[in-house]
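>>> My questions are about this predicted structure, shown below with the sequence.
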Amino acid sequence: MEKRLKVWVYREGEHPLVHTGPFDNIYSVEGLFIDEMESGKSRFMAHHPDEAHLFLIPISVSNIVNFLYRPLVTYNRDQLQRVVMDYIGVVAEKYPYWNRSQGADHFLVSCHDWAPDISQANPKFYQNFIRVLCNANTSEGFKSQRDASIPEINIPYGELGPTRQNTSLDKGSILAFFAGGSHGHIRKILLEHWKDKDNEVQVHEYLENKEDYFKLMGKAKFCLCPSGYEVASPRVVTAISMGCVPVLISDNYSLPFSDVLDWSKFSVYIPSKKIPEIKTILKEISHSRYLELQKSVTKVHRHFTVHRPAQPYDMLNMVLHSVWLRRLDVLLPS
């Protein structure tokens, strides 16, 4: 990929729905990725579509929702679906690339919760299209053979991600930590069983001092990362940045970069039905096994880090690699 891959970004369309996106908060990956590919600094940028292996549809689902929808008035996905369909219709009529592969070498990147819904209006039309999503829920139509899962990351304004902490391999008295709102059924179960009930498994709905959140993550051996309203959680990347072993509590979640990363080496998976057993499960992990997990967290950190311009093996390049692997399965006409 490093030597061969070229990506063409379609130039049709105008701001704010295309060619830009959010640069901070939990939907930031789509804006950062689009900007990276259009900045002129990416070595993967194609200078002509004929040399491209992949074609980026530079639409921001987050911006579509922000600019076209009236909050609390309508949640109908029609406008979102029409914008994407119309854009693809324009480039498919103007260029030969979509039609020759039926969209199999085209992709869209989005972390917005609604992004999977772009294909609901016409699933057959999108049956080959690569959706690169944070909301990678296999029970809602995400197909790991075609689609690519990417991490959700909460980026503060003016920064590129959580500040990495220098933490000891041998953590203190906090076995596991979580603090957050009761968003979705998995968090409700977690809070019901563990909220403010155990000194070792510290589960809180909210903390009075926001800064303590990161300090507590840094002191904990394991950081609980339950799904919220959707399967992905920005806590996974934050935990890795804090040197804390992420505990994935989710169902039907296709993990990011799992084509090349073995998540069992740097995380623990607990299905939602075993939430009452969290302490027992984590206590059964030996100290030597924990140290192996924590050291691996340190090793994989670079794959969950954003740089601008992107650097080899960082998050933005890992996103491209995930799409590239799916492109390799596509046989284009000669």
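Now that the structure is in, tell me what you want to look at. Numbering: from 1, shown residues only.
>>> can we go C-alpha only for contacts and neighbour counts from here?
Will do.
>>> can you map out the helices along the stretch 151-300 of the chain?
All helices of the stretch 151-300 of the chain, identified by DSSP state H, counting those that start in this stretch, fall at 185-194, 211-219, 235-241, 278-283, 287-300.
>>> So which of those is nearest L5?
Proximity of those to L5 was assessed by CA to CA; the nearest stretch is helix 287-300, lying at 23.2 Å.
>>> Can you point out the buried residues in the closest one?
Burial within helix 287-300, assessed by neighbour count using 16 or more other CA atoms under 10 Å, is assigned to Y290, L291, L293, Q294, K295, S296, V297, T298, V300.
>>> Now do the same for the following helix or strand past that helix: mean pLDDT, whole number.
On the C-terminal side of helix 287-300, the closest following helix or strand by DSSP states H and E is helix 315-327. Mean pLDDT, computed over helix 315-327, is 96.
>>> ok, now stretch 93-100?
If you average the pLDDT over stretch 93-100, you get 96.
>>> what does stretch 160-170 give?
If you average the per-residue pLDDT over stretch 160-170, you get 62.
>>> What segments of this structure are strands?
With DSSP state E as the definition, the chain shows strands at residue ranges 7-9, 54-56, 106-110, 130-133, 148-149, 176-179, 201-204, 222-226, 245-249, 268-269.
>>> Among those, which comes closest to I275?
Going by CA to CA, the one of these nearest I275 is strand 245-249, 7.9 Å.
>>> Mind giving me the packing neighbours of that closest one?
Strand 245-249 is packed against strand 222-226, helix 235-241, strand 268-269, helix 287-300, with contacts defined by 3 or more CA pairs under 8 Å, 6 or more residues apart in numbering; DSSP states H and E.
>>> Export only the CA atoms of the longest one, formatted as PDB.
Okay, so that is helix 287-300. Once non-C-alpha atoms are left out, helix 287-300 reads as follows in PDB (Å, rounded to 0.1, in the frame of the first residue of the first chain):
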ATOM      1  CA  HIS A 287      -0.600 -10.100  37.100                       C
ATOM      2  CA  SER A 288       1.700 -11.300  34.400                       C
ATOM      3  CA  ARG A 289      -1.100 -11.500  31.900                       C
ATOM      4  CA  TYR A 290      -2.100  -8.000  32.800                       C
ATOM      5  CA  LEU A 291       1.400  -6.700  32.300                       C
ATOM      6  CA  GLU A 292       1.400  -8.300  28.800                       C
ATOM      7  CA  LEU A 293      -1.900  -6.500  28.000                       C
ATOM      8  CA  GLN A 294      -0.700  -3.200  29.300                       C
ATOM      9  CA  LYS A 295       2.600  -3.400  27.400                       C
ATOM     10  CA  SER A 296       0.700  -4.200  24.200                       C
ATOM     11  CA  VAL A 297      -1.500  -1.100  24.800                       C
ATOM     12  CA  THR A 298       1.600   1.000  24.700                       C
ATOM     13  CA  LYS A 299       2.700  -0.700  21.500                       C
ATOM     14  CA  VAL A 300      -0.600  -0.200  19.600                       C
END
